[in-house]
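# following is a predicted model, sequence given first.
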Amino acid sequence: MPLARSLSITSLSGLEEWDEEFDLEDAVLFEIAWEVANKVGGIYTVIQTKARLTAEEWGENYFLVGPYVESNVRTQVELIEPTNPALKRAIDKMNSSGCKVYFGRWLIEGSPYVVLIDVAFTAWNLDKWKKELWDNFSIGVPWFDREANDAVLFGFLTAWLLGEYAAQCEEPPHILAHFHEWLAGLGLALCRQRQLPVATIFTTHATLLGRYLCAGSVDFYNNLADFNVDKEAGDRQIYHRYCLERTAARCAHVFTTVSQITAVEAEHLLKRKPDIITPNGLNVKKFSAMHEFQNLHAQSKNRIQEFIRGHFYGHLDFNLDKCLFLFIAGRYEFSNKGADIFLEALARLNYLLRVNHSDVTVVAFFIMPARTNNFNVETLKGQAVRKQKRMYLYGQLPDVSKMLDKDDFTMMKRAIFATQRQCQPPICTHNMLEDSNDPILTCIRRIGLFNSSADRVKVIFHPEFLSSTSPLLPMDYEEFVRGCHLGVFPSYYEPWGYTPAECTVMGIPSISTNLSGFGCFMEEHIADPSAYGIYILDRRYRGVDESCNQLTSYLFQFCQQSRRARIIQRNRTERLSDLLDWRYLGRYYISARHMALAKAFPDTYFYQPHDSETAQGFRYPRPASVPPSPSLSRHSSPRQSEAEEDDDRYDEDAEAEKDRLNIRQPLTLPSKKGPALPYTLPGANGEKNGAASVKN
């Protein structure tokens, strides 16, 4: 099924200048999600990074609503008295009625206000609210599903909060509530059922049923129209969750999702076509010196090399200066995240490097949290040996003529013998609780990548989040990404894809797929993604073996690049970061909010819908130094970097200046006390889009 352009806004040229004032003085925005000040997954990153831009737009009228988790509040939230009089009265009223509601500032960029609800404290209402849910929506929630029970409690409490706030307002309020994901969706449905004066937006970042179906090894995207959604949800025992998600999507004034491919999925599974696509962005930090990010890459790479010296002590027979660091990171979903074909491609890459007698060594990191009970003793020992006997880790004697005397030479021999290993360097840095059933370890046993000296590809499985306080690899995630050469994310199910996006803004090339939101976004807006270090793997129209061969080809060609070619590619990758800045992508959320206010309060707000047929899709041009040959113009072919004429043609300053001309200045938000300023998306060519204003 083709991914046709079918939404109101789908490209970076989608929003025209808005010259009319859109007054938000009398409107209040509540953004509601289970991951407000509560890190669970990618939605936390969306809300945390977008908060600064939203707070600039809404000022004192912006409130985030989430669950109260004491351990998170102690480190992330400053509890204060509510600043809004109506909200203070609403919170006091709820607290006097048997709830526990807290107010504070979330200590992140923008310092937004947060309202945190203690879900467990009101669990005594669960049976009553479940009955009300059944009576009004015919949705039954089983007692054993704790996550769904939390969703019921959270939904009723957020609806209570919004209703109480509306009742405490002295004048008729204009409330806008933005709900993220099914865990918060019940609150939206209750707002509509109770006819509260609330404009509602529902954003699904990934459909529940889609995630489960893809994990079940089905040809998901090519059979979307054929699924019996009720039966499939029932067979997987998530029918009640699916109903909560579908109800929220159908009840919302404005329904959004994060990518074009997820929009098609939502249309078939949730039975509603999204009104607008809201791609996920990041807060991009630009350096005053153009090459500062290259220096950071070198510094972080050195720290990874230190870890490698310890991990491979006694077997460090490869040149670290010719060692490439690849990584995959994210939720531990073996097939959905593409870890299965990445491992298979590594085995094939290992064969190619060996038969071609390559002097390049690849170290592939798998950063996927799993159940463990402690660090691996052998891994800890390696880091201890590195610190104590660093000069002997290579396992080779220096020139005897350079030694002072024979006694020193004898002591060096003993030190080298002490660093020898009788076993191979460990694959996993931790002791797994279910070692025999772990998907990654099981696959490694099958393909035979055991970190032997003959292997040109080494594998390290790190089954926990990275931390700067770790005794093994003391680096946080951002530092680690900066030190790697390539991020590999061959996902089968990836509604957006923050991991490749984070690589891009840090100037690290990445491999994504045409089934990920990020991959589709880049493929749509860049004429030649691979020239900019964005490789798009075809997993929609190819079989698993064909996709694996394509991934192997990408990896092998990347290994053949010269150091200069990799530097050039990182420069180009980093220049794409503007495309992912919230200063650009945040305006999609602005458009969604204006649309919702106009639908809920038509007497006050007006929104002119966009003609989707006129959208033209901005295309970031191919770099000038890449020759227009067929082999290099295809988006699926990595650039051949060894050609000297390519290097001679490359003028970074001139190329960067041309790229800058293609990206307009980022969004400057209007002051809360002044008129709205016009703003445009990069590459806007005048096609009309939704414009909103306040009626006089």
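Done, it's in.
# count of residues packed around D321?
D321 has 7 neighbours, counted by other CB atoms under 10 Å. Just so you know, the C-beta spots here come from the backbone N, C-alpha and C atoms, and that holds for glycine as well.
# that one: what's it in contact with?
Not one residue lies near D321 by CB atoms under 8 Å, 6 or more residues apart in numbering.
# quick check, pLDDT for it.
Looking at D321, its pLDDT stands at 93.
# can you check the one 10 residues further on too?
Predicted confidence (pLDDT) at R331: the value is 90.
# and it, how far from M432?
Look at R331 and M432: by CB to CB, to the nearest Å, they are 17 Å apart.
# between those two, which one's more packed in?
Per other CB under 10 Å, whichever of R331 and M432 has more neighbours is M432, with 18 against 14.
# what distance do you get for the more buried one to T372?
In terms of CB to CB, M432 sits 6 Å off from T372.
# likewise for V198?
According to CB to CB, V198 stands 44 Å off from T372.
# could you list the paired strands of whichever strand or helix holds G487 along with their orientation?
Here G487, judged by DSSP states H and E, is contained in strand 486-488. If you go by DSSP bridges, strand 486-488 pairs up with strand 323-329 (parallel), strand 510-513 (parallel).
# next SSE downstream of it?
Following strand 486-488 in sequence, per DSSP H and E, is helix 498-505.
# that next one packs against which elements?
helix 477-483, strand 486-488, strand 510-513, helix 517-525, helix 563-575 (3 or more CB pairs under 8 Å, 6 or more residues apart in numbering; DSSP states H and E).
# mind doing that once more with 6 Å?
Here helix 498-505 touches strand 510-513, going by 3 or more CB pairs under 6 Å, 6 or more residues apart in numbering; DSSP states H and E.
# for the stretch 1-150 of the chain, what spans make up the helices?
For the stretch 1-150 of the chain, the helices defined by DSSP state H, counting those that start in this stretch cover 42-58, 70-76, 85-96, 126-137, 146-168.
# within the sheet, what are the partner strands of the following helix or strand past the longest one, with directions?
If I follow you right, that is helix 146-168. Counting by DSSP H and E, the element after helix 146-168 in chain order, helix or strand, is strand 174-180. Its sheet considered, strand 174-180 pairs with strand 27-32 (parallel), strand 198-204 (parallel) by DSSP bridges.
# how about those in TSV, adding mean neighbour count and distance to S562?
Putting those into TSV (neighbours: other CB atoms under 10 Å; distance: least, CB to CB, whole Å) gives the following:
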stretch	mean neighbour count	distance to S562
strand 27-32	24	47
strand 198-204	28	44
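# got TSV for these, with mean pLDDT too?
What follows is those, written out as TSV (pLDDT from 0 to 100):
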stretch	mean pLDDT
strand 27-32	97
strand 198-204	98
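# so which of those strands is nearest F227?
When these are compared by CB to CB, strand 198-204 sits nearest F227, at 16.6 Å.
# using PDB, write down the CA coordinates of that closest one.
Extracted as PDB, the C-alpha positions of strand 198-204 are listed here (Å, rounded to 0.1, in the frame of the first residue of the first chain):
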ATOM      1  CA  VAL A 198     -12.000  22.000  27.000                       C
ATOM      2  CA  ALA A 199     -10.400  21.800  23.500                       C
ATOM      3  CA  THR A 200      -8.700  18.500  23.200                       C
ATOM      4  CA  ILE A 201      -5.700  17.100  21.200                       C
ATOM      5  CA  PHE A 202      -4.700  13.500  21.300                       C
ATOM      6  CA  THR A 203      -1.200  12.400  20.000                       C
ATOM      7  CA  THR A 204      -0.300   8.800  19.500                       C
END
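# what does it contact?
Strand 198-204 is contacted from outside by 162, 175-180, 188, 191, 248-249, 252-257, 266, 592, 596-597, 600, using CB atoms under 6 Å, 6 or more residues apart in numbering.
# ok so, going back, mean neighbour count for the helices of the stretch 1-150 of the chain - can I get that in TSV?
Formatted as TSV, these follow (neighbours: other CB atoms under 10 Å):
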stretch	mean neighbour count
helix 42-58	21
helix 70-76	12
helix 85-96	17
helix 126-137	14
helix 146-168	21
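# for those helices, which one sits closest to T504?
Closest approach to T504 among the helices of the stretch 1-150 of the chain is made by helix 42-58 (14.1 Å; CB to CB).
# just for the stretch 301-450 of the chain, where's the confidence low?
Within the stretch 301-450 of the chain, the stretches with pLDDT under 70 are 388-406, 408-409, 411-422.
# at 80 what do you get?
Where the stretch 301-450 of the chain drops to pLDDT under 80, the residues are 385-422.
# same question for the stretch 501-650 of the chain.
Counting by pLDDT under 80, the stretch 501-650 of the chain has low-confidence residues at 608-650.
# could you pull out the helices for it?
Applying DSSP H, counting those that start in this stretch to the stretch 501-650 of the chain gives helices spanning 517-525, 544-559, 563-575, 582-600, 630-633, 644-649.
# by contact count, what packs against the fourth one?
Yep, that's helix 582-600 we're talking about. Counting contacts by 3+ CB pairs under 6 Å, 6+ apart, helix 582-600 packs against helix 42-58, strand 198-204, strand 254-257, strand 605-608.
# okay, angle between that helix and strand 174-180 too, please.
Angle, helix 582-600 to strand 174-180, by axes from the mean of the first three to the mean of the last three CA atoms, to 10 degrees: 120 degrees.
# tell me the angle of helix 582-600 relative to helix 517-525?
100 degrees.
# tell me how far helix 582-600 lies from the chain's centre.
The chain centre lies 21 Å from the centre of helix 582-600; the measure is CA atoms, centre = their mean, to the nearest Å.
# so V264 sits in a strand?
No: assessed with DSSP: H, G, I helix; E, B strand; the rest coil, V264 is helix; it does not lie in a strand.
# break this protein into its domains for me.
Structural domains annotated on the chain: 34-277, 291-391+403-578, as defined by the TED database.
# so for Y588, which of those sits nearest?
Nearest to Y588, of all the domains of the chain, is domain 34-277, at 6.4 Å by CB to CB.
# what distance separates the start and the end of the closest one?
End-to-end distance for domain 34-277: 21 Å, by CA to CA, to the nearest Å.
# repeat that for stretch 78-88.
16 Å.
# equivalent analysis for stretch 189-205, please.
End-to-end distance of stretch 189-205: 18 Å, with CA to CA as the criterion.
# quick one: the strand holding G487 to chain centroid distance?
Between the centre of strand 486-488 and the centre of its chain there are 14 Å (CA atoms, centre = their mean).
# let me see the mean pLDDT of it.
When pLDDT is averaged along strand 486-488, the result is 98.
# neighbouring contacts of it?
Here strand 486-488 has contacts from 326-328, 342, 500, 503, 508-511, 558, using CB under 6 Å, 6+ apart.
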